[in-house]
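> structure, please.
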Amino acid sequence: MDSSCFFIICILHSLVATTSGGLIMFYLNEISVLGHGAETARKLLGSTPHDQLLIKTSDSFVGLLLCVIGFLLFMVSFMKDRDFQSFFAKGCILLHILMAVWRLYFERKLEALAHDWPRQLIGDFVLALSWVLFLVCTWTEKYD
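The predicted structure is shown next:
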């Protein structure tokens with residue numbers, strides 16, 4: 001049971017990461033307008049051609065990194081070792097919590113993104129919660 005739960009959570013996270021990465025790499029303007037609004041999306045593009053090139057390059061690498069993370073999550077989803085699954089879940093929880101802390105302390109101070117961080121913070125906690133629920137299921141099966 002816990003192995004299939006691990007597989008499902010990894011596949012779902014893999015789909016989210018790969019889809020987000022692909023959209024960031026190929027449809028960044030549309031996603032920015034959809035997620036932030038037209039005015040904020042314009043601000044996020046940069047004001048000079050040099051800034052725009054740096055931002056587009058950075059966003060492309062972010063999208064590529066998300067695709068690689070999605071692919072790695074897909075590969076990890078086939079692991080059957082319970083100790084590894086528990087270790088991996090704890091690492092993912094820590095990663096999502098650190099991302100939430102980053103948003104709380106740094107991203108909310110950016111004027112252009114000030115209204116988006118609460119929604120993204122909730123997303124980070126929901127993603128971490130999925131791994132916490134996996135650990136709870138594993139723990140109850142182990143000690144029942």
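> give me the phi and psi angles of the residue nearest the centre of the chain.
With distances taken as CA atoms, centre = their mean, the chain has A17 as the residue nearest its mean C-alpha position (6.0 Å). For A17, the backbone dihedrals (degrees, to the nearest 10) come out as phi -70, psi -50.
> likewise for F106?
Main-chain dihedrals, F106, degrees, to the nearest 10: phi -120, psi -50.
> next: the one 3 residues further on.
According to degrees, to the nearest 10, the main-chain angles of K109 amount to phi -80, psi -10.
> kindly provide the distance from it to W102.
Plainly put, K109 is 11 Å away from W102 if you go by CB to CB, to the nearest Å. Every residue, glycine included, has its C-beta placed from N, CA and C.
> how about L53?
Separation of L53 from W102 (CB to CB) stands at 25 Å.
> between those two, which is the more surrounded one?
Neighbour count, other CB atoms under 10 Å: between L53 and W102, W102 has more, with 14 against 11.
> now that one: which helix or strand?
W102 is part of helix 82-105 when elements are defined by DSSP states H and E.
> beyond the helix or strand of the chain with the lowest mean pLDDT, next helix or strand please.
When each helix and strand of the chain is scored by mean pLDDT, DSSP states H and E, helix 38-44 comes last, with a mean of 81. Next helix or strand after helix 38-44 toward the C-terminus (DSSP H and E): helix 49-76.
> now that following helix against helix 82-105, angle please.
Orientation of helix 49-76 against helix 82-105 (axes from the mean of the first three to the mean of the last three CA atoms, to 10 degrees) gives an angle of 160 degrees.
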